[in-house]
Structure formats: structure tokens, C-alpha cells
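Participant: This is a predicted model, with the sequence first.
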Amino acid sequence: MFEVRYAAARSVAIVVLATAGLTLPLTAQQRALIPNSGDGTITVLSADSSVVETTLTVGPTPHGVAVHPTGSTAYVTNVGGNSLSVVDLGSSPSVASTVSLTGCNRPHGIVAASATKAYVACRNSNAVGIIDTTIPASPSLTGTIAVGTRPRDLALSSDGADLYVTNQNSADVSRIATATDTVVATIAVGNNPFGVAVRPSNDKVFVSNTNDDTISVISTATNLETTTIPTGRAPQGLDVSPFGDERLWVAIRNTGVVSVIDTVTDSIRFDIPVGAGTQPRDVSVDPDGSRAFVTNRGSGTVSVVSAVGLVHTTVAVGTNPEGLGALTTPPPVENVAAAIGDLAEPISVRCQNLTAGGGVTATAVPLQGIPAQAFDCEGSGLAISSGDRVRITVRGEYVPDLGLIGILAGITPSELRCKNQDTGAVASCRDVSGCLVPQEDLNCNTLGSELNANGIGFSGIAGDRVFIRLVGRKN
């Protein structure tokens, strides 16, 4: 069968062809479709290997892309042509046809809501277009829904019941009930709302306000903005990982970073630099939260970054790429690495291979220049093979709300021990279901309050010496 994930109104879609009955991780072919607005093309990227498979000419100024749930067909909006390019996603992708979208002026974001219906933001029509996709290769515009002024991006709730639309010039978001195709709420947000994403639990909607340098957080229960999250300059595309604590990833155009935000506390955890002048435009995340693809409009590239803040690779695509869709499978085996948060400097980190021997130590972290200090064990010279047992030891000074080791890559943890060397307080977890989950936070305070059998708990005051040890196997 085909398995497809199409994220919000992403300007890129990911397509996966998988054998029926298989579950993750998949090894079948996987593609990303990246509209390049500056040269009228889409780049077909092999997302498994981060290699360009082919480049297809579509219409003028391509912007959005969505994939039909069968996986057979993709739809690309052409802003300059008021049209929709229909792409055949067979073994050799090709543009099958171009369909006029008369009545939908300057189409932008697009989402596939079901096997029979897609929605498109009609920017200069102040409307959302309804597209009949019952016959995937022959889509047709059947109607429109009036929304705010100059709609741009769209995102569906995880149950498909609600569609959220950013209206840039009226500074609001339209909530549409997909069962009736009617606007049920109009929600005021910040200045120049750009991207939109829905938390998979459907309790929050996030909107990037490009001119205010903020993210609006909307409660779906009240249809009101509950808070804003300050960001770097000009936040644009964003995506939520459906794994673990559902982190929000935001492309910050003028700062050249991707901000990773905790959607529980609504605060930035750390930034991932992708390069000066790259102008990151959009971002999409693996379902397991382990990596993200970032389109860089300024440099004509796509960056592949990991959850520990490391840029794995950068791939050249076309001119002015608009965005990227979410990856549907875990990445190839990653280096063992850890992102370390909430310890005062100086911090020391030691990685040891308990199976084959050897170790590396860093005594001056952060190494990557981001608030959650990332240390790549293998990139620092430690040889580790799949299945090897690895131990990561961190030492530093305690600060309030300790949460270590924050994020992991390339390792399945089996033991975590946190100790305050000044007070003797200890919290530990060993092979306990639910307390050690790859890619989630491993929080010493949480272990102390919820999981420590001896009841001592983990606590301290600023400046206490802290020792954290994690053991696991390389994936």
C-alpha cells in the first residue's frame, strides 16, 4: 500500500511507497517534493538518501504541494499561473497535466484533507478553495469559502475535523469545520501571520507572526490566543513533531536558525543554526522527532538537522525553495549524540564504548553554539557499531528545573542515573517501561518525583555539583 504524510499546507510533500503490513521503520522509497518558486520547478528529493532524484518543470511561481492519500498523485499550486500542476508519482515522476483554478486567484498553501477533497488558500480571492480529488489525476475546483484578507497557509487537525487558515493582512486565523465547509471561528493573532501548525493532541494551534517576531498559541477549546512566544527575527514555516512531547520547530528567516520549542511550556528549548544568509523558509519533522528538513530560500538548499542540533547535510535544490514536508520514517542510523540542557557551565561530557572499548571526553561544552549543548560522540572520534553498549557521563553545576540528558540521537537508552554529589540525592531509572523513551526528555527531576523507588528524589540548589550517567545501545 501507499503510506503518505502531508503536513499542514507545507510547500513540500513526502511520499512513501511501503509494502502492505509493514510498520516503521520503513526501508521503501521515500520522496520529498520541493517547489522552487524562483525557477518554476519542483525538486524530487530522495528523502532516505538526501539525493536529488529529478527536477520537474511546473507552472510559474510554484508554492504549495499536497499528496493524494493514495500516494499516486501530487498537486502543486502555481501562484503566477492561477493553476494546479498534477504530478504522477510513479517510478519516474512526471507532470501529467495543469488544471486551471479559475475563481482562486494566486493559490498558495494546499492540503489534502481526504481521498475526495483538498483545500487551497486563494490569496487574492480572500477565500479557501475546495478541490474535488475523487479522481486523483483529474482534480477540479468546486467551490470557495470566504475567509480573512490574503490567506496564506493551512493546517488540518489530526482528526481532520478542523482546518486552520492564516490570513496575513487581517492578522487573524479562520477555523473551518471540514464537515460543513463553514467558518466557525475567527481568531485574532499577531502581525503578518505566516505559518500554522496544530498540535497532534489538537488542544493548541501555533501561528508564526513574521512582523512581530512571535508565535501565537491558540487554545482550540476557547478559540482565543492564550500567549505568545518571542522568537528570532521573522519566524515563518513551522511544524510539530507528533512524537513524545510534540516539539514545535520554527524556521526563523532573518536569524538563520530553526527554533525548537517545548509545546508544554511554550518556550524555546534551543536554536539550530543553518547558516548566515540561508533564510530558512519552512521546516518539517520526522514523526519520531529525530530530525527535520529545512528549506533555505536564500541559498537554494535543504538542510537536514537532527534533534540534538547537528546539521547532518545540506542539499542543493532549485531557486527560492518554498518549503518542505514531513519525513515519514526514522533516518538512517545516526551518530550517538546528546543535547545537554539546564546545567551551568563548565560542563564535561565523556562517551565510552562499553562493548569495544575506547572513549572521548569534552571539557568545554557547548560545542555547537546552541543553548542545549550538543556533543557528538562519534563525530568526536569514538568508534561505535550498531548494537554496541554506550555510556554517556555528564558533570556540571545544578540550576533550577534540571532536565538532563535532554535529547538523544542514535541510541536506545536502558539506564539513567542522576546524582547530586553535594547532597547525595539520587534518582535513577533502569529498563522501566515509559521512563526511558528514545528522543524524549530524560529529566532528572521527573525521575526523582515519579520513578525513584527509594523516595529520595533528585533536588538541589544552584551551584551543586551534578553527575548524570546514561547507558544504552547504538541503534
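Facilitator: Looks like it came in fine.
Participant: Show me the shaky parts of the stretch 151-300 of the chain.
Facilitator: 242-245, 286-290 (pLDDT under 70).
Participant: what ranges do the strands span in it?
Facilitator: Under the criterion DSSP state E, counting those that start in this stretch, the stretch 151-300 of the chain contains strands at 151-156, 162-167, 172-177, 182-188, 193-198, 204-209, 214-219, 224-230, 235-240, 248-252, 257-262, 267-273, 280-285, 291-296.
Participant: The fifth one - contacts with which helices or strands?
Facilitator: Packed against strand 193-198, as judged by 3 or more CB pairs under 8 Å, 6 or more residues apart in numbering; DSSP states H and E, are the following elements: strand 151-156, strand 162-167, strand 172-177, strand 204-209, strand 235-240, strand 248-252. Glycine gets a C-beta too; all of them are placed from N, C-alpha and C.
Participant: Including distance to Val95 and mean neighbour count, could those strands go into CSV?
Facilitator: Shown next, in CSV, are these (distance: least, CB to CB, whole Å; neighbours: other CB atoms under 10 Å):
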stretch, distance to Val95, mean neighbour count
strand 151-156, 23, 27
strand 162-167, 27, 26
strand 172-177, 30, 21
strand 204-209, 31, 26
strand 235-240, 24, 28
strand 248-252, 27, 28
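Participant: Dump those strands into a markdown table; add distance to Leu45 as well.
Facilitator: Converted to a markdown table, the helices and strands packed on strand 193-198 look like this (distance: least, CB to CB, whole Å):
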| stretch | distance to Leu45 |
| --- | --- |
| strand 151-156 | 21 |
| strand 162-167 | 26 |
| strand 172-177 | 30 |
| strand 204-209 | 24 |
| strand 235-240 | 16 |
| strand 248-252 | 17 |
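Participant: Among those strands, which comes closest to Ser386?
Facilitator: strand 248-252 (27.2 Å; CB to CB).
Participant: could I get the strands of the stretch 151-300 of the chain as a markdown table with distance to Leu84?
Facilitator: Listed next are the strands of the stretch 151-300 of the chain as a markdown table, based on distance: least, CB to CB, whole Å:
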| stretch | distance to Leu84 |
| --- | --- |
| strand 151-156 | 15 |
| strand 162-167 | 18 |
| strand 172-177 | 20 |
| strand 182-188 | 23 |
| strand 193-198 | 21 |
| strand 204-209 | 25 |
| strand 214-219 | 29 |
| strand 224-230 | 33 |
| strand 235-240 | 21 |
| strand 248-252 | 25 |
| strand 257-262 | 29 |
| strand 267-273 | 33 |
| strand 280-285 | 20 |
| strand 291-296 | 21 |
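Participant: Grab the CA positions of stretch 117-132 and hand them over as PDB.
Facilitator: Included here for stretch 117-132 are C-alpha records, laid out as PDB according to Å, rounded to 0.1, in the frame of the first residue of the first chain:
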ATOM      1  CA  LYS A 117     -11.200  16.700  -1.100                       C
ATOM      2  CA  ALA A 118      -8.300  19.100  -0.800                       C
ATOM      3  CA  TYR A 119      -8.200  22.700   0.300                       C
ATOM      4  CA  VAL A 120      -6.200  25.600  -1.200                       C
ATOM      5  CA  ALA A 121      -5.600  29.200   0.100                       C
ATOM      6  CA  CYS A 122      -6.700  31.600  -2.600                       C
ATOM      7  CA  ARG A 123      -4.700  34.600  -1.600                       C
ATOM      8  CA  ASN A 124      -6.100  37.400  -3.800                       C
ATOM      9  CA  SER A 125      -9.600  36.000  -3.600                       C
ATOM     10  CA  ASN A 126      -9.700  36.100   0.200                       C
ATOM     11  CA  ALA A 127     -11.000  32.600   0.200                       C
ATOM     12  CA  VAL A 128     -10.200  28.900   0.600                       C
ATOM     13  CA  GLY A 129     -10.900  26.800  -2.500                       C
ATOM     14  CA  ILE A 130     -12.500  23.300  -2.300                       C
ATOM     15  CA  ILE A 131     -11.000  20.900  -4.700                       C
ATOM     16  CA  ASP A 132     -12.600  17.600  -5.700                       C
END
